[in-house]
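A.B. asks: Any chance you can model this:
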Amino acid sequence: MIIGHGKEKDIFRNILTGDKLHHAYIFSGREGSGKKMFARELARAVICAEQVFMEPCQCRHCKVAAASDHPDIHVLEESPVKIEVARRIAGDAFMSPLSARKKVYIIDNAHTFTKEAANAILKTLEEPPADTHFFLITDKYEQVLPTIRSRCINMRFSNLTNEEVEKVLLSQGVMNDMLPEIAAQASGSVSYAMFLLDNAEETGRFAPDRDKNSLFAEIHGLDTKEKIRAYCASMYAYMLVKYKESEDETLLDFSNYLLEILRRLEYNVSLDMFRMDLFIKTTEVLCEKS
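C.D. replies: Sure thing, here's the model as predicted:
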């Protein structure tokens with residue numbers, strides 16, 4: 001079941017009903033927003049004997065596709081996408097489907113095509129056989145080569161809401177008392193939410209009982225963006241709990257500051273600057289109050 005993306009579901013439902021599916025699309029948007037999962041579901045609809053979209057189907061093609069083993073759904077997840085891969089796709093694309101009436105290529109990391117690889121596949125993307133469709137996936141659309149972009153229709157996927165991220169995690173069997181807070185920190189990305197859940201207990205875990213020297217050493221030891229993210233996420237969860245207990249507006253302001261850090265880390269930033277700023281702000285809020 002695909003959670004969220006109601007707009008995208010409606011668009012492709014109308015496209016499939018009208019038999020107007022284009023030969024090549026780029027699915028762009030936030031990492032972890034479900035683009036590749038959506039592409040898999042769309043691919044299943046393309047090969048489905050009953051032409052069912054976003055609904056359960058027990059036709060033989062859908063059963064095999066559900067096991068991620070259908071011979072006419074090709075999923076490529078290499079990064080970078082090299083010329084050998086592109087040549088293989090270009091050659092195989094003109095072969096008849098092995099089982100279904102159509103075949104689909106899902107190519108992840110579309111922003112990593114080398115120029116040579118892009119050149120090897122351009123003609124195929126521009127004029128593929130009528131029974132072949134391409135879904136290219138990227139979270140960095142601006143880095144996709146212009147020659148690739150010009151031959152595909154870009155579908156910009158909206159971010160999942162906090163509630164939708166939480167629903168996806170629950171559907172995957174994730175149980176955690178801080179799930180609403182983690183979902184709020186994830187900025188619409190299920191994979192980022194999973195990262196925060198997986199790492200908060202192990203690397204970059206914030207502990208409130210630190211003096212200034214220990215806190216400085218702890219924050220200075222956050223040597224990657226991932227550790228800073230996990231540390232700030234853990235601190236954010238702690239601050240929300242303390243704010244609910246005390247209703248201290250200072251803690252709420254600091255929580256908003258932490259959310260801003262998590263957003264800014266999406267860009268190229270100086271980690272030294274981040275660590276020092278985080279240390280100063282944290283000591284102001286915690287150490288000075290103790």
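
A.B. asks: List the buried residues of stretch 100-107.
C.D. replies: Buried residues in stretch 100-107, defined by neighbour count with 16 or more other Cβ atoms under 10 Å: Ala100, Lys102, Lys103, Val104, Tyr105, Ile106, Ile107. All C-beta spots, glycine's among them, are computed from the backbone N, C-alpha and C.

A.B. asks: what kind of secondary structure is the fifth one in?
C.D. replies: In other words, Tyr105. Here Tyr105 is strand, with the state taken from DSSP: H, G, I helix; E, B strand; the rest coil.

A.B. asks: now do the first one
C.D. replies: Each residue gets one of three states, and Ala100 gets coil by three-state DSSP.

A.B. asks: ok, so what distance separates it from Phe216?
C.D. replies: The span separating Ala100 from Phe216 equals 61 Å under the rule Cβ to Cβ, to the nearest Å.

A.B. asks: Render the CA-only coordinates of the longest helix along the chain in CSV, please.
C.D. replies: Using DSSP state H to define each element, the chain has its longest helix at helix 225-246. Taking Å, rounded to 0.1, in the frame of the first residue of the first chain, the C-alpha atoms of helix 225-246 are listed here in CSV:
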residue,chain,number,x,y,z
LYS,A,225,26.7,15.2,9.4
GLU,A,226,25.0,12.0,10.3
LYS,A,227,26.2,12.1,13.9
ILE,A,228,25.2,15.7,14.2
ARG,A,229,21.7,14.9,12.9
ALA,A,230,21.3,12.0,15.3
TYR,A,231,22.6,14.0,18.2
CYS,A,232,20.3,17.0,17.5
ALA,A,233,17.3,14.7,16.9
SER,A,234,17.9,13.0,20.3
MET,A,235,18.3,16.4,22.0
TYR,A,236,15.1,17.6,20.2
ALA,A,237,13.1,14.7,21.6
TYR,A,238,14.5,15.4,25.1
MET,A,239,13.7,19.1,24.9
LEU,A,240,10.1,18.4,23.8
VAL,A,241,9.6,16.2,26.9
LYS,A,242,11.1,18.8,29.2
TYR,A,243,9.0,21.6,27.6
LYS,A,244,5.8,19.6,28.2
GLU,A,245,6.8,19.1,31.8
SER,A,246,7.8,22.7,32.5
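
A.B. asks: Packing partners of that helix?
C.D. replies: For helix 225-246, the elements it packs on are helix 179-185, helix 190-199, helix 249-264, helix 271-282, judged by 3 or more Cβ pairs under 8 Å, 6 or more residues apart in numbering; DSSP states H and E.

A.B. asks: Ile26 falls within a helix, correct?
C.D. replies: No. Read with three-state DSSP, Ile26 is strand and lies in no helix.
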